[in-house]
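1. here are the coordinates; sequence isn't available:
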């Protein structure tokens with residue numbers, strides 16, 4: 001009888017710990033400067049948009065206001081899984097755009113083939129690239145170009 005009671009107490013405690021762990025989470029903001037900041041939230045923490053700002057109510061009761069134009073990426077850290085790998089690969093970003101000398105692609109895997117085409121379809125650049133590796137476009141004339149990586153297509157403005 002004592003063992004059943006003890007097991008019941010442990011089960012309730014583990015359930016509470018599991019609930020607490022599930023209800024407390026964090027959000028990471030990656031700024032356009034590539035710096036990241038983590039904000040700790042709980043089940044009462046809020047993330048919402050107000051005008052052109054992201055508002056974050058944190059676990060410690062503090063609120064943070066961040067201009068949307070300063071944010072490159074917003075994500076919730078979680079367990080690594082195949083689903084996350086697919087999501088990362090599908091959320092490739094080309095920056096800066098417009099560009100003058102260099103461009104970068106974020107969220108690509110190492111050795112990703114990146115191709116730059118003129119508007120008439122001529123292949124101008126075809127190189128393997130890694131995450132956040134610069135691609136030199138200084139030899140291109142000012143104008144509009146197409147960039148392809150991992151079956152994703154971007155419009156690039158060269159200034």
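-> Nice, thanks for sending it over. Just so it is clear, the model here is predicted, and its values are computed rather than measured. Residues are numbered from 1 along each chain as shown.

2. Mind pulling the model confidence for the residue nearest the centre of the chain?
-> Closest residue to the average C-alpha location of the chain: residue 73 at 4.0 Å, with C-alpha atoms, centre = their mean. pLDDT for residue 73: 85.

3. same question, residue 53
-> So residue 53 comes in at 87 (pLDDT).

4. Could you check how far it is from residue 115?
-> Distance, residue 53 to residue 115, by C-beta to C-beta, to the nearest Å: 37 Å. In short, each C-beta sits where N, CA and C put it, glycine included.

5. likewise residue 39?
-> To residue 115, residue 39 is 38 Å away according to C-beta to C-beta.

6. that older thread, any idea which helix or strand carries the residue nearest to the centre of the chain?
-> Assigned by DSSP states H and E, residue 73 belongs to strand 71-75.

7. In its sheet, which strands sit next to that strand, and in what direction?
-> Partners of strand 71-75 in the sheet, by DSSP bridges, are strand 25-31 (antiparallel).

8. Tell me the gap between the following helix or strand past the partner strand and the middle of its chain.
-> Next helix or strand after strand 25-31 toward the C-terminus (DSSP H and E): strand 36-41. Relative to the centre of its chain, strand 36-41 is centred 13 Å away, using C-alpha atoms, centre = their mean, to the nearest Å.

9. Over to stretch 105-116?
-> From the chain centre to the centre of stretch 105-116 is a distance of 15 Å (C-alpha atoms, centre = their mean).

10. and if you look at stretch 61-81?
-> With C-alpha atoms, centre = their mean, you get 9 Å for stretch 61-81.

11. Okay, buried residues for it please.
-> residue 66 (16 or more other C-beta atoms under 10 Å).

12. can you list the residues that contact it?
-> Residues outside stretch 61-81 that contact it (C-beta atoms under 8 Å, 6 or more residues apart in numbering) are 25-32, 34, 38-39, 49-50, 52-58, 84, 91, 93, 95, 106.
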